[in-house]
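A.B. asks: what's the 3D shape of this:
(one chain, ligands or ions: 1)
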Amino acid sequence: MSKVFISGKLVDKEQATISVFDHGFLYGDGVFEGIRVYGSKVFLLEEHIDRLYEGAKAIRLEIPMAKADLIAATRQTVAANELVDGYVRLVISRGAGYLGLDPRKTSNPQVIIIADTITLYPPETYQNGLKLITASTIRNHPQAVSARVKSLNYLNNIMAKIEGADAGCVEALMLNHKGEVAECTGDNIFIVSRGVLKTPSVDAGILEGITRNAVIRLAREAKVPVAETTLLRHDIYVADECFLTGTAAEVVPVTSLDGRLIGDGKPGPITRDLLERFRKLTRG
Ligand code: PXG
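C.D. replies: From the prediction side, this is the model:
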């Protein structure tokens, strides 16, 4: 029986319910995190918790728990579910109010922690790479709610995901309001060009991925030069290598974009090395 943390305690998942008046449900008013569990340990938990609190602050939502208590509750939920390798979802929603936008009329922000198994890409994907298309739906405009907030409103990304699925792709590239490369619907993007690892900077209007940052650290350890820089689709078309990073995907090679093969159409050496290093980091 799986246990969910809600209202300050662990309950059976059937008992883990929220109000239909919760503004997380009515308006997507809240923030979330998705975190991996490897060998019973919650991976980079503090970084995820920091991002969650920063996002909540940006949307003026006060998480009704101290960081240390939320960290402890996350570990407790993983342990109660005897999760060895899996996924933890933290959801903070504004709480129940009335049928109107005003968050001041809500009370009881909800803190929910779900520990579950995770569906991964099949091993072939890591050997052969993914095909991508560019979605027409752009990433959140930076002058709307920042893409750095992992908010409960993912509609732009969901629309882009559908565009990808229509084209037979499991991920899709999203551009920003200037037409620059931002990221994929649930993953950050990197290319390798003449030996340099490049990825859009946070200013491009992206989620600052925890996996992205871990991979940048691994690349620096491997003495691969890293540049956080503006990328255009053309840069990806002519790149030597391309890969995505994310909590679920880890490091996944990309071998074509909009029908253009990237490099020789096979996962490249720097991609494979970083994938290997990431696996060592997470699996010891
Ligand atoms: N960009 C976006 C838009 C994301 O939502 C990432 C990049 C990668 O960030 P991390 O911190 O995971 O390296 C994400 C991650 C899931 C799932 O269950 C993952 C994400 C969002 C929704 C679902 O796989 N986001």
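A.B. asks: could you list every residue that touches residue 236?
C.D. replies: The contact partners of residue 236, by Cβ atoms under 8 Å, 6 or more residues apart in numbering, come to 173, 181, 189, 191, 242, 257, 262. Heads up, the C-betas are built off the backbone N, CA and C, glycines and all.
A.B. asks: what pLDDT, on average, does the one helix or strand it maps to get?
C.D. replies: Element membership for residue 236, per DSSP states H and E: helix 233-237. Averaging the model's pLDDT scores along helix 233-237 yields 98.
A.B. asks: next one: stretch 126-145
C.D. replies: The model assigns stretch 126-145 a mean pLDDT of 97.
A.B. asks: chain center to it: distance?
C.D. replies: Relative to the mean C-alpha coordinate of its chain, stretch 126-145 is positioned 12 Å out (Cα atoms, centre = their mean, to the nearest Å).
A.B. asks: and what of stretch 190-201?
C.D. replies: Between the centre of stretch 190-201 and the centre of its host chain there is 20 Å, according to Cα atoms, centre = their mean.
A.B. asks: Which residues belonging to it are considered buried?
C.D. replies: Along stretch 190-201, the positions that meet the burial threshold by neighbour count (16 or more other Cβ atoms under 10 Å) are 190-193, 197-200.
A.B. asks: With distance to the ligand as extra columns, can I get those in TSV?
C.D. replies: Rendered in TSV, the data for the buried residues of stretch 190-201 read as follows (distance: Cβ to the nearest ligand atom, whole Å):
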residue	distance to the ligand
190	12
191	16
192	19
193	21
197	16
198	16
199	11
200	11
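A.B. asks: Counting by contacts, list what the host helix or strand of residue 276 packs against.
C.D. replies: Element membership for residue 276, per DSSP H and E: helix 269-283. For helix 269-283, the elements it packs on are strand 30-38, helix 210-221, strand 241-246, strand 250-257, judged by 3 or more Cβ pairs under 8 Å, 6 or more residues apart in numbering; DSSP states H and E.
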